[in-house]
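> Sharing a model prediction with you, sequence too.
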Amino acid sequence: MNAIPVWKERALFIEELRALVIADVHIGIEFEYNLQGVNIGIQTDSLVNKCRMLLEAHDAEKLIIVGDLKHIIMARDKEQKTLMMREQREVRNFLRTLHDVAEIIIIKGNHDGALTTKYAKVHGARGLALGNISFVHGHCWAHERIMKGDILILGHIHPFVRMTAAVGYTSIHACWVRGKFRRKEFIEKYGNGNKNMEFVIMPAFNPLCGGVAVNREHIGGALFSLADMEHASVYTLEGINLGTIRNLR
């Protein structure tokens with residue numbers, strides 16, 4: 001099996017599984033912006049409609065969410081508790097609506113710790129393997145059995161590439177990152193894993209998310225510390241290969 005990026009979209013399609021794959025939906029992120037004085041309306045309907053369109057366009061039977069379906073991690077005061085309750089309603093509406101369209105599978109991310117739902121199969125943060133393709137959000141170490149596949153689908157860092165023109169103007173573009181792990185470090189951590197495993201880092205499905213400029217910032221922590229990021233290839237949403245991260249610095 002192979003996971004193919006959907007042209008101009010922040011999603012993958014796996015034909016053999018009839019599965020659409022997304023990561024970092026961050027339902028409720030607009031509430032955080034509101035607290036900071038940025039007036040952004042609730043985006044749940046827009047996210048639902050985008051998912052529904054992609055599912056129907058590909059005749060998909062499954063929706064796989066590779067972590068961070070929701071946004072708020074912890075409520076520290078009364079106002080945040082109120083927002084968390086509102087977020088829970090938005091998450092429930094998102095899942096309930098799409099549950100009628102496709103089977104939903106969630107691999108927990110660092111924002112999903114308390115997530116429970118009757119509308120989806122929820123798997124732990126250490127990952128899920130379906131055939132030769134494995135899925136893990138990326139904020140913690142994957143289970144060793146997850147690392148025996150051929151392809152590892154990751155989220156978490158919301159990758160984008162920062163480009164600066166000669167006149168000084170800067171633009172940022174959501175991107176895909178594809179590469180391999182550094183063999184020595186991989187074997188030390190996952191001796192029984194597939195040392196030739198490739199990884200694919202997904203762009204955040206929610207365009208309101210910030211992220212990491214992969215050609216400007218260091219990427220470390222858990223699985224990313226094993227990845228050969230310098231030689232990983234960067235692709236635009238249109239499928240253009242921009243070259244390796246090292247060459248884009």
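On my side now, so go ahead. Numbers count the residues shown, from 1 in each chain.
> Buried ones in stretch 201-209, by neighbour count?
Neighbour counts using 16 or more other CB atoms under 10 Å place 201-206, 208-209 of stretch 201-209 among the buried residues. From N, CA and C alone the C-beta is placed, and that goes for glycine too.
> And the contacts of it?
10-12, 21-27, 29-30, 33, 40, 43, 47, 50, 66, 138, 153-160, 174-178, 211, 237 (CB atoms under 8 Å, 6 or more residues apart in numbering).
> Pull the residues that contact the top helix by length along the chain.
The helix spanning the most residues in the chain, taking DSSP state H as the definition, is helix 78-99. By CB under 8 Å, 6+ apart, the surrounding residues in contact with helix 78-99 are 25, 27-28, 31, 35, 42, 44, 47-48, 51-52, 55, 63, 69-72, 74-75, 104, 115, 117, 119-120.
> Which SSE is immediately downstream of it?
Using DSSP states H and E, the next helix or strand after helix 78-99 towards the C-terminus is strand 103-107.
> avg pLDDT for that next one?
What strand 103-107 shows for mean pLDDT is 99.
> One more: stretch 43-56?
Regarding stretch 43-56, the rounded mean pLDDT is 98.
> ok, now how distant is the residue lying closest to residue 225 once chain neighbours are set aside from residue 43?
Distances taken as CB to CB, 6 or more residues apart in numbering put residue 185 closest to residue 225, at 7.4 Å, once the chain neighbours are dropped. Residue 185 is 38 Å from residue 43, where distance means CB to CB, to the nearest Å.
> Am I right that residue 187 falls within a helix?
Yes - applying DSSP: H, G, I helix; E, B strand; the rest coil, one finds residue 187 inside a helix.
> pretty sure it contacts residue 196?
No - between residue 187 and residue 196 there is no contact under CB atoms under 8 Å: 11.1 Å.
> Between these two, point out the one with more neighbours.
Neighbour count, other CB atoms under 10 Å: between residue 187 and residue 196, residue 187 has more, with 14 against 10.
> My guess is residue 112 contacts residue 71. True?
No - in this structure, residue 112 is not within contact of residue 71 by CB under 8 Å, at 9.7 Å.
> gap between the strand ranked longest in the chain and the chain center?
In the chain, taking DSSP state E as the definition, the longest strand is strand 170-180. For strand 170-180, the separation from the chain centroid amounts to 13 Å (computed by CA atoms, centre = their mean, to the nearest Å).
> And for stretch 164-179?
19 Å.
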